[in-house]
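# with the sequence up front, the predicted model follows.
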Amino acid sequence: MGLRNILNNLKAEIEKLKKENAEIEKMRQEKAEAEAARDEAHSHRERSERREVQYCATLALKNKEIDELTSLLSDQEQIKAGLESAKKDLQLERVEKAETSRRLSEIEEKLEILETARVTAESLVEPLKDDMLWMKHRGIISVANSVLNSNELDQTVAHLLVTARNDGYAHGYAECTQHVINALRVHWDTSRSATDGVDTEAAHTAAKTEYNDLRLPVMDLVTAALQADDFVAQLKRCF
């Protein structure tokens, strides 16, 4: 604004000089018209010419100052534009820095959550490892031994073997008897058979059904334990 005021003042002085120059021209005309006052006009003309030269020099100096001020104003406008651009870049950099800080905070929070989850998982995994080792080395063996050594299974299998042997004996005795009848053409008395009058096949079928439908008390305990969340602890208590 200061430069603009100076420019306006210089322009006003130029207009003033132009007016004075016009006055000089008028004086020249008056000189031509006033032949009677030639000496005075000549003197006045000399003075006017000196003033004109001085005014022209002053005008040239003022024009130079105006050019310099205009160039300075243009430079200041460019500097102002550069400053505004730098401010925008700085503001953008601040926004990016704030966004980076926010993302960094989020990543740190996630890492903290993951670390907490990892520690929690490790605290849960260790007991599970111990439980799995117990199941591998003792639990499964205990279940198998309890099943194989149960009295209920021994009795059922023994009964199944007896009925199978009796049924096999009865079928074999009947087959041999038929061979004798066919060979000797005589009636063979089967009343001396140990299984005479006994339905060995039905007994064997019943024994197989009993074996297939066998329910062991220990397996009921195991089944109930496996349905619990802490099934390993339940199995440990069972055995």
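Alright, I've got the coordinates.
# who does the longest helix anywhere in the chain touch, helix- and strand-wise?
Using DSSP state H, we find that the single longest helix of the chain is helix 38-134. Judged by 3 or more CB pairs under 8 Å, 6 or more residues apart in numbering; DSSP states H and E, the packing partners of helix 38-134 are helix 2-33, helix 231-238. C-betas here are computed from N, CA, C, even on glycine.
# can you tell me which of those helices is packed in deepest?
Among the helices and strands packed on helix 38-134, helix 231-238 has the highest mean neighbour count (mean count of other CB atoms under 10 Å), at a mean of 16.
# tell me how the protein divides into domains.
Domains of the chain are assigned by automatic domain parsing as 2-97, 125-238.
# which of those sits closest to residue 105?
Residue 105 lies closest to domain 2-97 among the domains of the chain, at 12.6 Å (CB to CB).
# before we move on, back to that, could I get the domains of the chain as a markdown table with mean pLDDT and distance to residue 112?
Listed next are the domains of the chain as a markdown table, based on pLDDT from 0 to 100; distance: least, CB to CB, whole Å:
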| stretch | mean pLDDT | distance to residue 112 |
| --- | --- | --- |
| domain 2-97 | 81 | 22 |
| domain 125-238 | 82 | 20 |
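# pLDDT score for residue 105?
We have a pLDDT of 86 for residue 105.
# where does residue 202 sit, in terms of helix or strand?
Here residue 202 sits within helix 200-212, counting by DSSP states H and E.
# got the buried residues for that helix?
Neighbour counts over helix 200-212 (16 or more other CB atoms under 10 Å) mark 200, 203-204, 207 as buried.
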